[in-house]
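Visitor: here are the coordinates; sequence isn't available:
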């Protein structure tokens, strides 16, 4: 078999409403006679007058966030958000506000992520167990898109969960994504047109026994978050060495993928090396994937993953003793928070937290209350200290610390609105250091 398959939903032109599939992306709109508007920008970087009006409206509504992360105040960056969310500014605004505030809260806007090597080094600092995640940023493909190669079949999913905090996985993947965006933005300024990423998912070695449901739940939540934060970046996705149960695997993963992402997925057949050479370029591909790029091994610099050492597993005996912990009950469909009031500006002051939820998950974030908003869990004017992530702590508790030099009320927020039936009981400890 030498054919490849496209997996994805169809979508419609924003002018004429005609449905088109991935193979029809160059077809003209039946009303305007031009390419579908959502593709004009993606393919050529052209911005229409209508889009410029939308860009002006978007800028006027996210001025505070653009002051936090001014690097995103360029047309190509903002157009990704408009294209990714069907040019619906009301939908884009809360999503881009969260993304820019989160990038600033994590300090990524101040990091030097100017090369793929520096991005990888910063990701490695997030967690030692996460260094066993297979896959790497490989280089730049023939169309100047950043190439990521992910060895999914070598992932020790079940071994990962007992070794690292959920939040570490979010932090690592967001660091990687923002690092890639910094490189892309620099290339776009140099060339005057938009770029993105190409991704190869190599499923060699994947078996049903590797699919750990607890890990899959965390990964799906993280993927959903990444697509919310970095829309319309992926240009091509190739899946190679697919197992016979690919449809089962796809049914698990596809719900967390955006419509635009699903349309770009190609599952390749036995001729996958030839396809990759044409689509990606043989110069950037190592020999294992059909390329001519030289290295000491056929894998090059691609991290192949493997079993995570048992000594990296979290030891539950390190949990804080029960007498130090307080309890917070968060009912289904509700949010609760713990307020901590700090007086005066104190250089170097930090807030430390530790918490555990016995089962299921909850959204967690830390905010500094805007004036007059001290008694509500969340407000749009609050300052984000720690971004909101959907976390579970069945294996490893969540803990961390942040600078809290500014005075005010710091709100430790536990959001259970996604749960329709289950209440959640949080055992937590918070102190000032």
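Guide: Cool, the structure landed. Just so it is clear, the model here is predicted, and its values are computed rather than measured.

Visitor: could you list the low-pLDDT ranges of the stretch 151-300 of the chain?
Guide: Along the stretch 151-300 of the chain, no part satisfies pLDDT under 70.

Visitor: that one: helices as residue ranges?
Guide: For the stretch 151-300 of the chain, helices defined by DSSP state H, counting those that start in this stretch occupy the ranges 157-160, 166-191, 213-229, 246-253, 259-262, 272-279.

Visitor: can you tell me which of those helices is nearest to residue 90?
Guide: helix 213-229 (15.3 Å; CB to CB). For glycine as for every other residue, the C-beta is placed from the backbone atoms N, C-alpha and C.

Visitor: which strands and helices sit next to the closest one?
Guide: Counting by 3 or more CB pairs under 8 Å, 6 or more residues apart in numbering; DSSP states H and E, the packing neighbours recorded for helix 213-229 are helix 89-105, helix 157-160, helix 166-191, helix 246-253, strand 383-391.

Visitor: now the ones you listed as CSV including mean neighbour count and distance to residue 52?
Guide: Converted to CSV, those look like this (neighbours: other CB atoms under 10 Å; distance: least, CB to CB, whole Å):
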stretch, mean neighbour count, distance to residue 52
helix 89-105, 19, 13
helix 157-160, 19, 45
helix 166-191, 20, 17
helix 246-253, 14, 36
strand 383-391, 20, 29
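
Visitor: export these to CSV and tack on distance to residue 277?
Guide: CSV is the format used below for the helices and strands packed on helix 213-229 (distance: least, CB to CB, whole Å):
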stretch, distance to residue 277
helix 89-105, 35
helix 157-160, 31
helix 166-191, 23
helix 246-253, 23
strand 383-391, 39
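
Visitor: between the ones you listed, which gets nearest to residue 207?
Guide: helix 246-253 (10.5 Å).

Visitor: can you state the direction angle for that closest one and helix 213-229?
Guide: 60 degrees (axes from the mean of the first three to the mean of the last three CA atoms, to 10 degrees).

Visitor: contacts for helix 246-253?
Guide: 7, 203, 206, 208, 211, 216, 220, 223, 239, 243, 267 (CB atoms under 8 Å, 6 or more residues apart in numbering).

Visitor: what about the last one, neighbour count?
Guide: As a burial measure, residue 267 scores 19 neighbours (other CB atoms under 10 Å).

Visitor: that one reaches residue 239, doesn't it?
Guide: Yes: using CB atoms under 8 Å, residue 267 makes contact with residue 239 at a distance of 4.6 Å.

Visitor: the helices of the stretch 151-300 of the chain: which one's closest to residue 318?
Guide: Comparing the helices of the stretch 151-300 of the chain by CB to CB, helix 166-191 comes nearest, at 15.9 Å.

Visitor: what packs against the closest one?
Guide: Helix 166-191 packs on helix 75-84, helix 89-105, helix 116-124, strand 146-150, helix 213-229, strand 383-391, strand 398-403, going by 3+ CB pairs under 8 Å, 6+ apart.
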